[in-house]
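In: starting from these lines, generate the structure:
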Amino acid sequence: MPTLFHPLLLVALIISLAACGGPPAPTAPAANQPAASAVPKAAASAEAPAPTAAPAATATPEPTATVAPTATPEPAEPGTSRSAPLPLGTELRFADWAVTISGVARDEEAAQAIAGANQFNDPAPEGWQYLLASLKLTNISTEQEAKSVLFGTDLRVTGDRNVLYSRANAVVPQPLEGELFPEGSTEGQIVFLVPADEGNLMFFVAESLSFDLDARRFVAIDAGAAISPDPALSDVAPTDAGAQRASPAPLGTTTMSEAWELTVLEVFRGADAAQRIAEANQFNDPAPEGQEYLVARVRARYLGADDADTAANIDQHAFKVTGAANVVYDRPSIVAPEPTLDAYLFPGGQVEGWVAVQTPTGEAGLTLVYEPLFEFGNDNVRFFGLE
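Out: Residues are numbered from 1 along each chain as shown. Predicted structure coming up:
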């Protein structure tokens, strides 16, 4: 570790030198007069002229403070950030798989391909479109064993809404399937549903079950696609609304924690909730004797973390309910109404969806609790009054 020179030691040294008659301070040459070392040798040997009175010293102006230039952030390596995605056709090499997305069909072309692949495929919902990706997978592992392509790659789509879309539930013309030994390759298709008016579309590509964030890659779908987080997100500060169970946020009040902005928009319980649960899925059972369902529509916006290109998940499993009895009630094994709250969001991404819980019939003081899974600490825990 380098030694630090203390200011008091410097002062003591100066005093000591003054007391011992240290060398005089050098004087600057007079104006327009060369320094001694620059005088020619012949002139130096000539008789020196009589000294003249030195001009009075003038005050030296204080130097003007300069502002250090602001460091320019290094541009992202192509493909590692949504701000600089790679072009289609680029081979992406991971630990076990090489992936190349060779083409994308969308709009009417994708709609016709999906309709022709299976008669039970539904048309895209209003305001949405199918996006059909064609890709090639090659096993580049050094392990001499066959690997299933079904678990080879995690391929998803995102755009300027900052939502990460997973593959759609539809049969494709050329399914991606099979097992490959090293150096084996196969081609196939994966289909997605995305909003028809969303721009800056790009693929998120990683190996399945990989937790290495540095290994993910982004590949552009739209020409010139690039996404950067909204700078205003850094100005959003947590509030006390809903931070304590003793003072839950009233219905319709927006809470802001370190990472999430949450609002419970509406709530149904009893017969109204039972009807919505029954309509959500034919296999949903009625609430057990002495119990009742409660459904809440929640709006969530992800405020972000240190990494602007990492998406965070929010779904109904992070919500539970308690009441006057001070018991936290287990979530029922049922399908919530559509749209169910379940999304991966990049910073700035927003989603709305339904959460379904179960409570004793007629219990008062019901409070919905948001507690993120796999988090340590209570920075993002929030409480919402449901009555």
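In: neighbours around Tyr302, how many?
Out: Other residues near Tyr302 number 24, with proximity taken as other CB atoms under 10 Å. Where you see a C-beta, it was placed from the backbone N, CA and C, and this is true even at glycine.
In: surely it is in contact with Ala312?
Out: Yes: using CB atoms under 8 Å, Tyr302 is in contact with Ala312, at 5.3 Å.
In: what touches both of these two?
Out: 259, 345 (CB atoms under 8 Å, 6 or more residues apart in numbering).
In: check what contacts stretch 265-276 and list those residues.
Out: 251-252, 286-287, 292-299, 337, 352, 354, 356, 359, 361, 366, 386.
In: which of the three states applies to Phe383?
Out: strand (DSSP: H, G, I helix; E, B strand; the rest coil).
In: the residue lying closest to it once chain neighbours are set aside and Val381, how far apart?
Out: Leaving aside its chain neighbours, Phe383 sits nearest to Pro248 (3.9 Å; criterion: CB to CB, 6 or more residues apart in numbering). Using CB to CB, to the nearest Å, one gets 11 Å for the distance from Pro248 to Val381.
In: the more surrounded of those two?
Out: Pro248 (24 against 17).
In: so the more buried one touches Glu387, yeah?
Out: No: contact between Pro248 and Glu387 fails when scored by CB under 8 Å: they sit 9.8 Å apart.
In: any common contacting residues for these two?
Out: Common neighbours of Pro248 and Glu387 (CB under 8 Å, 6+ apart) do not exist.
In: would you map the strands across the stretch 51-200 of the chain?
Out: 91-93, 97-106, 128-139, 147-148, 153-158, 163-165, 179-180, 185-195 (DSSP state E, counting those that start in this stretch).
In: which strands and helices sit next to the fourth one?
Out: For strand 147-148, the packing partners by 3 or more CB pairs under 8 Å, 6 or more residues apart in numbering; DSSP states H and E come out as strand 179-180.
In: got it, and the fifth one?
Out: For strand 153-158, the packing partners by 3+ CB pairs under 8 Å, 6+ apart come out as strand 97-106, strand 128-139, strand 163-165, strand 185-195, strand 202-207.
In: and Asn281, which of the ones you listed is closest to it?
Out: Ranking the helices and strands packed on strand 153-158 by proximity to Asn281 (CB to CB) places strand 185-195 first, at 19.5 Å.
In: for that closest one, C-alpha coordinates in CSV please.
Out: The C-alpha trace of strand 185-195 is given here as CSV (Å, rounded to 0.1, in the frame of the first residue of the first chain):
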residue,chain,number,x,y,z
SER,A,185,-27.2,-29.8,-36.3
THR,A,186,-30.9,-29.4,-36.9
GLU,A,187,-33.3,-26.7,-38.0
GLY,A,188,-36.8,-25.7,-36.9
GLN,A,189,-39.1,-22.9,-35.9
ILE,A,190,-40.5,-21.2,-32.8
VAL,A,191,-43.5,-19.0,-32.7
PHE,A,192,-44.3,-15.9,-30.6
LEU,A,193,-47.3,-13.6,-30.0
VAL,A,194,-46.3,-9.9,-29.8
PRO,A,195,-48.3,-6.6,-30.0
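In: could you count how many residues lie near the closest residue to Asn281 other than its chain neighbours?
Out: Nearest non-adjacent residue to Asn281, counting by CB to CB, 6+ apart: Val335, 3.8 Å away. Val335: 15 surrounding residues under other CB under 10 Å.
In: distance of Asn150 relative to Gln174?
Out: One thing to correct before we go on: residue 150 is Leu, not Asn. Counting by CB to CB, the gap from Leu150 to Gln174 is 14 Å.
In: now do Val99
Out: For Val99, the distance to Gln174 - CB to CB - is 16 Å.
In: looking at the two, which one has more neighbours?
Out: Val99 (23 against 13).
In: these two touch, right, that one and Leu88?
Out: No: between Val99 and Leu88 there is no contact under CB under 8 Å: 11.9 Å.
In: so, low pLDDT: which residues of the stretch 1-150 of the chain?
Out: By pLDDT under 70, the low-scoring segments of the stretch 1-150 of the chain are 1-75.
In: can you map out the helices along it?
Out: With helices called from DSSP state H, counting those that start in this stretch, the stretch 1-150 of the chain shows them at 7-19, 41-45, 107-117.
In: how close does Val381 get to Lys320?
Out: As for Val381, its distance to Lys320 is 11 Å (criterion: CB to CB).
In: what touches both of these two?
Out: 369, 371.
In: quick one: Ala278 from Gly290, how far?
Out: Per CB to CB, Ala278 is found 19 Å from Gly290.
In: and these two? Which one has more around it.
Out: A direct count of neighbours by other CB under 10 Å for Ala278 and Gly290 places Ala278 higher, at 15 against 8.
In: got a pLDDT number for the residue lying closest to the more buried one once chain neighbours are set aside?
Out: Computed as CB to CB, 6+ apart, the closest residue to Ala278 that is not its neighbour in sequence is Asn284, at 6.2 Å. Each residue has a pLDDT score; the one for Asn284 is 97.
In: for Asn284, which three-state class applies?
Out: Going by three-state DSSP: Asn284 is coil.
In: what about it, how many neighbours?
Out: Neighbours around Asn284, by other CB under 10 Å: 20.
In: that one and Leu209, how far apart?
Out: Plainly put, Asn284 is 31 Å away from Leu209 if you go by CB to CB.
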